[in-house]
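1. Attaching a predicted model along with its sequence, questions to come.
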Amino acid sequence: MAPWRRVRIPAVVLPRRPNLDLRALAPSPRSVAAGLVLIPIAAAAYIGARETSVFAVRQVDIVGASPAVRAQVRIALRPVVGRSLLEVDADVLDRRISDVPQVASIRFDRAFPHTLTVHVTPEQPVLLLRQGRVGWVVSARGRVIRRVKTTRLSSLPRVWVPRGEKVVVGATLPARAGGFAAALFAPLAEARFPAQVRFVRAGEKELTLVLRSRMEVRLGNADDLRLKLAIARRILLASGALPGGYLDVSVPERPVVLPPESQVAS
């Protein structure tokens, strides 16, 4: 057996970590003084740019919506031309656009030095409000978009309101005067309803769709509309729109289908 030998391992000396002097990280008095001088200069330059014509709006680009709506938006924004881009904000534009009933919302971008770009989201027409021979197009938010001269040319679903009810273009309809019916169409679109709605009957506690086949879809009140429409969609896809019959989903757990001239619900 070889004799046991002692092996000497050289010591490893780690470098000493230098002491961190926090005072070296602090800005010098000269840097602080320079910063304090620059702050009022920058503020004065910003105020000057707002108050002068350095960044005055000379061009307004309208993006989105139809040519007719873009023309109305351009007219509404004429007072903005000449104002500083820095002065134009969302509140200023919203006040100008509020008188254009076809516009649901806008967003804007500043393209310095002189261009304002406005992106328009138009209102979506979903309903034709009828009052005798007069008609108005209404959006999904219940806003009256415009008056129509010939109601027969519109393919939108109809809802009737009493003659004494006042209808104002640009206003939002109360629930009793078409607002309840208009609010139905956002979930109706989401449900991908398989039949075209011809009329809407809307009361305080009753909402009924009358399809082009003359079949009624009775929804009851406004609770659980998306669930009721989803159930009605499945039933209509399976059985079809029965002319003259009705589908009652006012109680979603117990839908009822009544074929035409039938006395027994199935």
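-> Yes, it's here.
2. Could you list the low-confidence segments of the stretch 151-266 of the chain?
-> Applying pLDDT under 70 to the stretch 151-266 of the chain picks out residues 261-266.
3. again, only this time at 90
-> 151-155, 161-165, 174-181, 183-186, 189-192, 202-206, 213, 221-223, 239-245, 258-266 (pLDDT under 90).
4. can you give me the helices for it?
-> 179-183, 185-190, 225-239 (DSSP state H, counting those that start in this stretch).
5. Give me the distance between the residue nearest to Pro259 when sequence neighbours are not counted and Met215.
-> Distances taken as CB to CB, 6 or more residues apart in numbering put Gly245 closest to Pro259, at 4.7 Å, once the chain neighbours are dropped. In short, each C-beta sits where N, CA and C put it, glycine included. In this view, Gly245 and Met215 are 5 Å apart by CB to CB, to the nearest Å.
6. swap in Arg192?
-> 18 Å.
7. Looking at those two, which is more packed in?
-> More crowded of Arg192 and Met215, by other CB atoms under 10 Å: Met215, with 24 against 10.
8. quick revisit: so who does the residue nearest to Pro259 touch?
-> Neighbour list for Gly245: 215-216, 257-260, 262 [criterion: CB atoms under 8 Å, 6 or more residues apart in numbering].
9. Greatest separation within those residues: which pair is it?
-> Using CB to CB, the pair of the contacts of Gly245 lying farthest apart is Glu216 and Ser262, separated by 13.7 Å.
10. Give me the more crowded residue out of the two.
-> Shown here are Glu216 and Ser262; by other CB under 10 Å, Glu216 has more neighbours (19 against 12).
11. quick one, what contacts the more buried one?
-> 208-210, 245-247.
12. For the stretch 51-200 of the chain, which segments count as strands?
-> Ranges of strands in the stretch 51-200 of the chain, per DSSP state E, counting those that start in this stretch, are 59-63, 103-111, 115-122, 125-131, 134-139, 144-148, 158-160, 197-202.
13. so where's the stretch 1-150 of the chain shaky on pLDDT?
-> For the stretch 1-150 of the chain (pLDDT under 90), the answer is 1-55, 65, 86-87, 98-99, 112-113, 132-133, 140, 149-150.
14. try it again with 50
-> Applying pLDDT under 50 to the stretch 1-150 of the chain flags residues 1, 42-47, 49-50.
15. Residues touching stretch 58-76, excluding its own?
-> Contacts of stretch 58-76 (CB under 8 Å, 6+ apart): 77, 80-81, 96-97, 99-100, 102-103, 106, 111, 114-122.
16. Return the members of the residues you listed classed as buried.
-> 77, 80, 96-97, 100, 102-103, 106, 116, 118, 120, 122 (16 or more other CB atoms under 10 Å).
17. tell me the domain boundaries of the protein?
-> 59-122, 124-172, 184-266 (automatic domain parsing).
18. So for Gly178, which of those domains sits nearest?
-> Once these are compared by CB to CB, domain 124-172 is nearest, at 4.9 Å.
19. what about that closest one, how long is it end to end?
-> 14 Å (CA to CA, to the nearest Å).
20. And that domain, how far out from the chain middle?
-> 21 Å (CA atoms, centre = their mean, to the nearest Å).
21. Same check on stretch 191-209?
-> 22 Å.
22. Show the end-to-end separation of that stretch, please.
-> Span of stretch 191-209 from end to end, CA to CA: 14 Å.
23. Over to stretch 85-95?
-> 16 Å.
24. Same question for that stretch: list its buried residues.
-> For stretch 85-95, by 16+ other CB under 10 Å, it's 85, 88, 93.
25. Stretch 235-251 too?
-> Going by 16+ other CB under 10 Å, stretch 235-251 has these buried residues: 235-236, 241-242, 245-250.
26. Stretch 182-202 too?
-> 182-188, 191, 193, 195, 197-200, 202.
27. which residues does Leu127 contact?
-> Neighbours of Leu127 in contact, by CB under 8 Å, 6+ apart: 137-138, 156-159, 178, 181-182, 185, 200.
28. For the closest residue to it other than its chain neighbours, grab the count of nearby residues.
-> Nearest residue to Leu127, sequence neighbours excluded (CB to CB, 6+ apart): Val138, at 4.3 Å. The local packing of Val138 (other CB under 10 Å) involves 27 other residues.
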